[in-house]
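Enquirer: Whatever this is, show me its structure:
(chains A and B)
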2 protein chains.
Amino acid sequence: MHHAVIMAGGAGTRLWPLSRTARPKQLLKLIGGESLLRKAYRRLAAFLPPQSIHVITNRMHLELIAADLPEVPAENLFGEPQGRDTANAVGLAAAILRQRDPEAVMGVFTADHVIEPQDRFTAAVRTAYGMAEQHADALVTMGIRPARPETGYGYVERGDRIDEGVFAVQRFTEKPEQAVAEQYVAGGDYYWNSGMFTWRADTILAQLKQHLPASHDGVCEIAAAWDTPDREACLERIYPGLEKISVDFAVMERAPRVLVVEMDCRWLDVGSWTALEAVVDADAEGNVVVADRTASVDARGNIVVGEDDHLIATLGVEDLVIVHSPDATLVCRKDDAQAIKKLVAAVQERHGEQYR
Amino acid sequence: MHHAVIMAGGAGTRLWPLSRTARPKQLLKLIGGESLLRKAYRRLAAFLPPQSIHVITNRMHLELIAADLPEVPAENLFGEPQGRDTANAVGLAAAILRQRDPEAVMGVFTADHVIEPQDRFTAAVRTAYGMAEQHADALVTMGIRPARPETGYGYVERGDRIDEGVFAVQRFTEKPEQAVAEQYVAGGDYYWNSGMFTWRADTILAQLKQHLPASHDGVCEIAAAWDTPDREACLERIYPGLEKISVDFAVMERAPRVLVVEMDCRWLDVGSWTALEAVVDADAEGNVVVADRTASVDARGNIVVGEDDHLIATLGVEDLVIVHSPDATLVCRKDDAQAIKKLVAAVQERHGEQYR
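Expert: Just a heads-up that it's a prediction; the model follows:
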């Protein structure tokens, strides 16, 4: 059976002060009144039943996620006691799914992105599930057709053609320099590494066993206890000791057979306030407004975000990011929005953990 | 006996969103954790007992004012059912004071200003009370030595010298053009019209009777009922019908004998956010901060105001006014701060009276 696992473990400091440790960015209702997590869910629910869709997340977020995705059965929400990066999150999900369905074919999906259009997403994911079934020994990654020479992403170089839109992976690359990224895009053989995968659960676990055996043994032991009263004790005992490493480094770059399925979609990482400009229509003055109550006079090119009925009123200002949350307000220049980590550090130094 | 009446009827749109109809700017604790009203009270309490100090205000603010000035007896707080400008506020206060003390000599003071230093203020006010006693037929105004050719104020031209720092008033002037204001300041014969006065209560009432008889009769009728159960009914019946006009236009400019007492003080109208720069020390980056919780990185020259423990965090921004109130946040450029009325109008058009 086809299963999907949405990875919802991110923190999202750059979306401070709305995103916090206790409320990660995937749960912010920034676009069309809907969270990124729910968007990720709905993309999958277009072709999978809700009982096939799972989420793995920090367990402190389970309640919020259950409220955001009421269609998903409670047993499909997997809580980690702490983040141990994607190798362990993927491994734990795979081990639980295999425990419940020894023939499980699973997809791994991110919750940080806007991906459009749905039909191309659906087509590529269906192809990827098909490849994972057809090539039982293969790990399948989804590669986004690069829209620009982005230096912030990793790339996947394709090799031999396997099928329509499916290729063997030649290699994974680190984040490239600008000139290199331009070559990648011009040549046509490189995809953005999307962090989305399909595979048989037993195949990824076999690879994990080979390349990261302690994690493999740990997640299998936890999975054996998962649907028993011992789950929490077992998680607490084992999970925090697992090596923190990504599935890309630990497994994908070392696996003998990796395929890439091309996904020709708009793929937007909503990882910073300025990213909203790409996904939310601006008003006539170029302001991107995600807030119920605003008023402005002679204000242009601002990004204004608020979640409740607090009014944000702007006068004469340009190119600012203004974000109101119940306990903190951010005002910064759009071109400084990447430096929010520095500000959050200053906030914590001055006012403690409350604002983390 | 010497009585003082603080006029606390202003609205203060330019200090929106902290100042509102329901909470006027005089009550904002902007400077040293103290309201402008309390500063006005303390300036007077330096030489008058609390039971000689009165406040006249919109009656909706009486409770807030009583809480702000616990030393002042409740019967000294005069509530108007609605603002009818200073001629009627002054008249009503004079009529009540004369009712209680037929020999009352009263001073009228504003609550919108920071006035320093105390000793010069005290000296000028004492002189003004003395002049009002000595010249029973005179109205006495206090004139501020102009610090600059301000075009936003009215001026008082002095005539014959009466005493040390006391002159007959030659005339009152409207707000002047820049060139005229420069002449005024250079010549040395002009003072800023401070809106502060002293006189015998019966003298101002006699002048009111002559120049604005309906108001005179109205406030005297109200005063007769003031300390009886009929006060509210009488106020409601008469006060809203009185002509809305300032004491300057209605009386001062027409009175036969007006003296001006020179006050050589720093006199700061805290009527807009940018005015805070003159009365609150800036931090090392030139930010004027009136807020308990702030953090900033690379932010310079901003005015940041908040009243509660909501955090205001700024990054890379310059020369902004940022004001947080519980239900609304303002972000504007410092050089636009005078245009806040326009913004408040836009807010009301879009979101109704809540934010007035």
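Enquirer: Tell me the residue of the stretch 51-200 of chain A that sits nearest chain B?
Expert: A:G152 (20.2 Å; C-beta to the nearest C-beta). Placement of C-beta: from N, CA and C, glycine included.
Enquirer: Confirm for me that A:F47 is in contact with A:T122.
Expert: Yes. Look at A:F47 against A:T122 with C-beta atoms under 8 Å: they come within range, at 5.3 Å.
Enquirer: in stretch A:227-247, what counts as buried?
Expert: Across stretch A:227-247, burial judged by 16 or more other C-beta atoms under 10 Å in any protein chain shown covers A:R231, A:C234, A:L235, A:I238, A:Y239, A:L242, A:I245, A:S246, A:V247.
Enquirer: Looking at these, which is nearest chain B?
Expert: A:S246 (29.5 Å).
Enquirer: Phi first, then psi, for that closest one.
Expert: Here is the backbone geometry of A:S246 (degrees, to the nearest 10): phi -80, psi 160.
Enquirer: now it, nearest residue through space, not along the chain?
Expert: For A:S246, ignoring the flanking residues on the chain, the nearest one in space by C-beta to C-beta, 6 or more residues apart in numbering or on different chains is A:T86 at 4.8 Å.
Enquirer: Around chain B, pick out the residues from the stretch 201-350 of chain A.
Expert: A:293, A:295-298, A:309-317, A:320, A:322, A:324, A:327-333, A:335-336, A:339-340, A:342-343, A:346-347, A:350 (C-beta under 8 Å from any C-beta of the partner chain).
Enquirer: Drop anything exposed from these.
Expert: Among those, those scoring as buried are A:293, A:295-298, A:310-317, A:320, A:322, A:324, A:328-333, A:336, A:339-340, A:343, A:347 (criterion: 16+ other C-beta under 10 Å).
Enquirer: residues contacting the most centrally placed residue in chain A?
Expert: Chain A has A:T110 as the residue nearest its centroid, 2.9 Å off, counting by C-alpha atoms, centre = their mean. Neighbouring residues of A:T110 by C-beta atoms under 8 Å, 6 or more residues apart in numbering or on different chains: A:I6, A:M7, A:A40, A:S194, A:G195, A:M196.
Enquirer: run the last query once more with 10 Å
Expert: Applying C-beta atoms under 10 Å, 6 or more residues apart in numbering or on different chains to A:T110 gives the contacts A:6-10, A:26, A:36, A:40, A:86, A:194-196, A:267, A:269.
Enquirer: can you pull up the bridge partners for it?
Expert: Following DSSP bridges, A:T110 is listed with bridge partners A:M7.
Enquirer: and the gap between it and A:L37?
Expert: Using C-beta to C-beta, to the nearest Å, A:T110 is found at 10 Å from A:L37.
Enquirer: Among the contacts of A:T110, name the ones in helices.
Expert: Taking DSSP state H, the ones among the contacts of A:T110 that sit in helices are A:L36, A:A40, A:T86.
Enquirer: Most neighbours among the residues you listed, which one?
Expert: Tallying neighbours with other C-beta atoms under 10 Å in any protein chain shown puts A:L36 at the head of these, with 27 neighbours.
Enquirer: So that one sits against A:A8, correct?
Expert: Yes. Between A:L36 and A:A8 there is a contact at 8.9 Å, judged by C-beta atoms under 10 Å.
Enquirer: For A:K175, which three-state class applies?
Expert: Look at A:K175: counting by DSSP: H, G, I helix; E, B strand; the rest coil, its state is coil.
Enquirer: Wait, it touches A:G154, no?
Expert: Yes. Counting by C-beta under 10 Å, A:K175 does reach A:G154; the two are 5.9 Å apart.
Enquirer: A:N88 against A:L208, yeah?
Expert: Yes. With contacts defined as C-beta under 10 Å, A:N88 counts as touching A:L208 at a distance of 9.0 Å.
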